[in-house]
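# Structure, please.
(chains A, B, C and D)
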Protein chains: 2
Amino acid sequence: MYVQILYNELMVEEAGYLRIGELSRRTGVAPELLRAWERRYGLLRPARSSGGFRLYSHADERRVELMRAHLREGLAAAEAARRAVEHSALPDEESASSAPELETATGSLREALDSFDETKSQAALDRLLGGFAIETVLRNAILPYLSDLGERWAGGNATVAQEHFASNVVRGRLLGLARGWDSGDGPRALLACAPEELHDLALISFGLALRRRGWRITFLGADTPIDTLVDTARQLEPSLVVVSATVRQRLTPLVDTLRRLRRQTRVAIAGAGATDSLAEAAQVELLDADPVTAAAELV
Amino acid sequence: MYVQILYNELMVEEAGYLRIGELSRRTGVAPELLRAWERRYGLLRPARSSGGFRLYSHADERRVELMRAHLREGLAAAEAARRAVEHSALPDEESASSAPELETATGSLREALDSFDETKSQAALDRLLGGFAIETVLRNAILPYLSDLGERWAGGNATVAQEHFASNVVRGRLLGLARGWDSGDGPRALLACAPEELHDLALISFGLALRRRGWRITFLGADTPIDTLVDTARQLEPSLVVVSATVRQRLTPLVDTLRRLRRQTRVAIAGAGATDSLAEAAQVELLDADPVTAAAELV
DNA sequence: CGGGATTGTCCAGAGACTGTACAGATCACC
DNA sequence: GGTGATCTGTACAGTCTCTGGACAATCCCG
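All right, here's what the predicted structure looks like:
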């Protein structure tokens, strides 16, 4: 199923569909500048319409976002572009023969994690992260594997130890990618799991996806008491606070506090435990898509 | 081995990327002075853009930080530069004269973590891990900081959020160092925190220290149910199982199970919650030193 | 204390880097 | 056919950086 989704996305990407004005509006970068970046640094490789208009893909849009993020960090334009190009796999690289490769690598990741083989797991993650954009890896490999593992556990076909082992390998890797995610001058997001909630990987994924869009992330992690979250929000004055939980019960007691917090900051709840009615009761936003999509929709 | 890894890392990131203005902003050293330090002491060896602009690498940035630290200590500029160059060329050198440097870097780590500054924290960790053996960093910087943070929290001088934030930064870093720690052909250790126990950093530290002595590590992490630990021990047949907890109560219910597990494997308990009487009751070993020392004494 | 060495700062003129602007032509769509 | 968007190519201004040397404050040592 995920492979199918990937294919569809890639088709759309390959088809190219944004003209320069629309890309400019979305990214806030002047058309002249977009052309200059293309000419000078090869940042973008738009397809062309029959009449010669540039047609940009999702990947192009992402590259512009990356470029802007790097500029905010203070890098020179030439260097920012070099990194943006390097860091986001070229669309043809990611599409042509790679959907099977994605599937293969995901398969070996699953196998390695299931059998407590850390070294092989890291190698599989290397292949994934080396060949695909991080959003792709999260959405198509890591997150599906984790939720599948949860289901297998519920069905008695996986152990808690496997889940713990896999979580720690993945957590280390994701936190490694998170390095420096609080730098720059984008809006700041404060992320925390609800009290008693120990599943932080989806929240880290969300942070990474948000980071790619220029946000600054402050991550408090699992089992964060609501009082200290409120205090920290007051101290850091983030543009957004996200509280995540896998089950409803862990969010229910927070409703009143979140509603109060809502008066000073934008607040959202996320995770399988975040329901429509809870969001309504607390008068906060609901992030109900997968972490990568949620980050994309947030902007 | 770790030195080798570090070297490789430095090689990879050797590519220049910061222009002089940005390096100046980041380090707080005027551009003129940066050029003067390069000209007079050879402190920096920036690459050049095609047009002749200096392009500095991470290593250069670190050298400037080192230089500044030495200047703050009162060294003359020439001497400070000499040390900065020498030290950054030999990251594993732990001379007597570097104790102040260890202290300085630990200070900036504390400051950065306390104020939710992830980027600065990582930079401080870079300096620590670049300049000292990992055991030194764990024993003299990271673990003391964490226990101090715990005490400050108990005394009302630190928040849970600070503890959570710091834990996640450090956890990401340590798990990054843990990469591949299950490979090789040494004896295998299976590490887990007791049920409900969420503090896993000391246990990770212990795993890293053990790894340096040739062990293979399988890490299950926080809040591991005892049943799945026993199952996994049966499956992996490790040479040693370690269960860790910060308070006694989390180990007490495990005594009987551990005694049974003892019949098939060597077992130890660790952490502040592991007491003499518990170890005796369960007939298992007691690791009561700090993680690094405990690993050294285990052999 | 005096004199030399050290060290942080400053400058001018030239060139590099980068965002923006414009002219004249073409394209897309009603 | 008209209107708005986009095309190419070039130009330009503002900012940053370069080199090489000068200079004043400070330090060190006899």
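# what sits against A:L251?
Residues in contact with A:L251 (C-beta atoms under 8 Å, 6 or more residues apart in numbering or on different chains) are A:194, A:243, A:245, A:269, A:273-274, A:278. To be clear about C-beta, it is placed using only N, CA and C from the backbone, and glycine gets the same treatment.
# any idea which helix or strand carries the residue lying closest to A:I204 once chain neighbours are set aside?
Counting by C-beta to C-beta, 6 or more residues apart in numbering or on different chains, A:L174 is the residue found nearest to A:I204 once chain neighbours are left out, at 4.7 Å. Element membership of A:L174 [criterion: DSSP states H and E] is helix A:160-177.
# Near DNA strand D, which residues of the stretch 1-150 of chain A? Just list them.
Taking C-beta under 7 Å from any atom of the strand as the measure of proximity, the stretch 1-150 of chain A contacts DNA strand D at A:19-22, A:24, A:31-32, A:35-36, A:46, A:52-54.
# Is stretch A:139-157 positioned near chain B?
No: Stretch A:139-157 stays clear of chain B (C-beta under 8 Å from any C-beta of the partner chain), getting no nearer than 9.9 Å.
# Can you name the residues in contact with that stretch?
Contacts for stretch A:139-157 (C-beta under 8 Å, 6+ apart): A:2-3, A:5-6, A:102, A:105-106, A:109-110, A:113, A:128, A:132, A:158-160, A:162-163, A:166-167, A:170, A:174, A:201-202, A:205, A:290-293.
# Would you indicate which residues of it are buried?
Within stretch A:139-157, the residues scored as buried using 16 or more other C-beta atoms under 10 Å in any protein chain shown are A:139-146, A:149.
# In contact with the residue nearest to A:I204: list those residues for me.
Applying C-beta under 8 Å, 6+ apart, we find A:L174 in contact with A:142, A:201, A:204-205, A:208, B:172.
# Could you list the low-confidence segments of the stretch 51-200 of chain A?
Within the stretch 51-200 of chain A, the stretches with pLDDT under 70 are A:87-98.
# interface residues of it facing chain B?
Near chain B, when you scan the stretch 51-200 of chain A using C-beta under 8 Å from any C-beta, you find A:74-76, A:78-79, A:83, A:116-119, A:122, A:159-161, A:164-165, A:167-169, A:171-176, A:178-183, A:192, A:198.
# what mean pLDDT would you report for stretch A:27-47?
Taken as a whole, stretch A:27-47 has a mean pLDDT of 93.
# What of stretch A:251-263?
Across stretch A:251-263, the average pLDDT comes to 96.
# sorry, back to before: what about burial for the contacts of A:L251, which qualify?
Listed as buried from the contacts of A:L251 are A:194, A:243, A:245, A:269, A:273-274, A:278; burial here means 16+ other C-beta under 10 Å.
# can you map out the helices along the stretch 151-299 of chain A?
Using DSSP state H, counting those that start in this stretch, the helices of the stretch 151-299 of chain A run over A:160-177, A:201-212, A:226-236, A:255-261, A:276-282, A:291-298.
# Format those as CSV; extra columns: distance to B:E285.
Output for the helices of the stretch 151-299 of chain A, formatted as CSV (distance: least, C-beta to C-beta, whole Å):
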stretch, distance to B:E285
helix A:160-177, 22
helix A:201-212, 33
helix A:226-236, 37
helix A:255-261, 45
helix A:276-282, 47
helix A:291-298, 42
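# how about the ones you listed, which one is nearest B:L229?
With C-beta to C-beta as the measure, helix A:160-177 is the member of these nearest B:L229 (6.7 Å).
# tell me the angle of the closest one relative to helix B:201-212?
For helix A:160-177 against helix B:201-212, the angle by axes from the mean of the first three to the mean of the last three C-alpha atoms, to 10 degrees is 90 degrees.
# Name the residues of the stretch 1-150 of chain A found near DNA strand C, please.
Neighbours of DNA strand C within the stretch 1-150 of chain A, by C-beta under 7 Å from any atom of the strand: A:30, A:32-33, A:36-37, A:40, A:49-53, A:71, A:76-79.
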